[in-house]
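Trainee: Quick check, what structure comes out for this input:
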Amino acid sequence: MKLRTTKYFIKEGTSNLRRNKVMSVASITSVIAALLVIGIFFIVVLNVDYAASALESQVEISVHLVNGLSEGIINAMSGEIEAIEGVKEVVFVSKDVALKNMKQKLGDKGYLLDGLESDNPLPDTFVVTLTNPQKASSVALALNSMSSIEKVSYGKDELEKLLKATYVLRMTSLLIITILLFISIFIISNTIKLTVFARRREIGIMKFIGATDWFVRGPFIVEGILLGVTGAVVSTALLGGGYLYTVNLIQKQMLGFLALSFMPFGSIITSLAFLLVFVGIVIGAIGSLLSVRRFIKV
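Mentor: Just a heads-up that it's a prediction; the model follows:
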């Protein structure tokens, strides 16, 4: 495409917005409404996924060792475990430290464990964190094949349920966003169609004097993209302000512990802006193409 043609498309698309202010406002309002629905659902999906990822990152494997291992053997085992594929970190917790931690968890009732220091029933333990919770089974299998290990536990049934639930949630979210995207394109194309209908004679004249289909479509595509970007910017501002207000409101209502599962504002506004601008461009451009298709056949 020639630079002169591109400049013409941009100039005409911008002029069309100014000449048809009422319809432009109506189109932008439709874009904003559609993007707000998509954005709200996207924020919910991001936060649920954020919470699910936080839970998955807390998946740990407890490796109980047999009694009486020397420090050298324990260090060697630590290095061997770290070399297993899927292992992120290995932390050794001695039986004395484990007993102390248990006392702290019991709080005022910690005295119930007094006297166990000389005959500590707790085992020395490795706490293994994973790079990916999906690798828990393979890592546990590798650990069970090692010597000097008494027990390997990681809540297999609970982990499988968690992974299944998060997978279903993510796939369902993707499906719903896709459906919302198609609904948005339908709404936008019908709104823009009113603008195109008012200029059907102009399109007919351009076709009769020899203008190609893409030369006629060009300004409308630019117009649709501008409508989409404008709607995306406004929607992002509204949703970002609403998100920040909601989080602050929860904290002021002394429910701040719930905000711990919320995605940080900086991360969510960045993801939201990229998504809405992209979706705005897509639905604006496709909406314009679908709208002008009927009137371009003369």
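Trainee: Quick check: which element contains the closest residue to D49 other than its chain neighbours?
Mentor: Nearest residue to D49, sequence neighbours excluded (CB to CB, 6 or more residues apart in numbering): R170, at 6.4 Å. For glycine as for every other residue, the C-beta is placed from the backbone atoms N, C-alpha and C. For R170, the element it lies in under DSSP states H and E is helix 156-198.
Trainee: what packs against that helix?
Mentor: Counting contacts by 3 or more CB pairs under 8 Å, 6 or more residues apart in numbering; DSSP states H and E, helix 156-198 packs against helix 21-57, helix 136-144, helix 213-252, helix 265-293.
Trainee: Count the neighbours of the residue nearest to D49 for me.
Mentor: By other CB atoms under 10 Å, the residues close to R170 number 14.
Trainee: hang on, it packs against L46?
Mentor: No. Contact criterion CB atoms under 8 Å: R170 and L46 do not qualify, at 11.0 Å.
Trainee: need the contact list for the residue nearest to A140 when sequence neighbours are not counted.
Mentor: Spatial nearest neighbour of A140, excluding adjacent residues (CB to CB, 6+ apart): V152 at 5.2 Å. V152 is in contact with I61, S62, V63, H64, A140, L143, N144, counting by CB atoms under 8 Å, 6 or more residues apart in numbering.
Trainee: before we move on, back to that, with respect to I10, which of the helices and strands packed on helix 156-198 lies nearest?
Mentor: Closest approach to I10 among the helices and strands packed on helix 156-198 is made by helix 213-252 (5.5 Å; CB to CB).
Trainee: Mind listing what's buried along that closest one?
Mentor: By neighbour count with 16 or more other CB atoms under 10 Å, helix 213-252 contains the buried residues 216-236, 239-240, 243, 247.
Trainee: same question, stretch 131-144
Mentor: In stretch 131-144, counting by 16+ other CB under 10 Å, buried: P133, K135, A136, V139, A140, A142, L143.
Trainee: What is the nearest of the residues you listed to F278?
Mentor: Comparing these against F278 with CB to CB places P133 closest, at 29.9 Å.
Trainee: Look at that closest one and report its pLDDT.
Mentor: For P133, the pLDDT comes out at 79.
Trainee: Now do the phi/psi pair for it.
Mentor: The phi/psi pair for P133 (degrees, to the nearest 10) reads phi -60, psi -20.
Trainee: hang on, isn't it packed against K164?
Mentor: No. If you go by CB under 8 Å, P133 and K164 don't touch, sitting 11.7 Å apart.
Trainee: for stretch 96-116, what is the average pLDDT?
Mentor: For stretch 96-116, the per-residue pLDDT averages 65.
Trainee: Check stretch 72-82 too.
Mentor: For stretch 72-82, the per-residue pLDDT averages 88.
Trainee: mind listing what's buried in that stretch?
Mentor: Neighbour-count burial for stretch 72-82 flags M77, I81 (criterion: 16+ other CB under 10 Å).
Trainee: Could you tell me how many residues sit around the nearest residue to F126 once chain neighbours are set aside?
Mentor: Nearest non-adjacent residue to F126, counting by CB to CB, 6+ apart: V63, 4.0 Å away. The number of residues packed around V63, counting by other CB under 10 Å, is 28.
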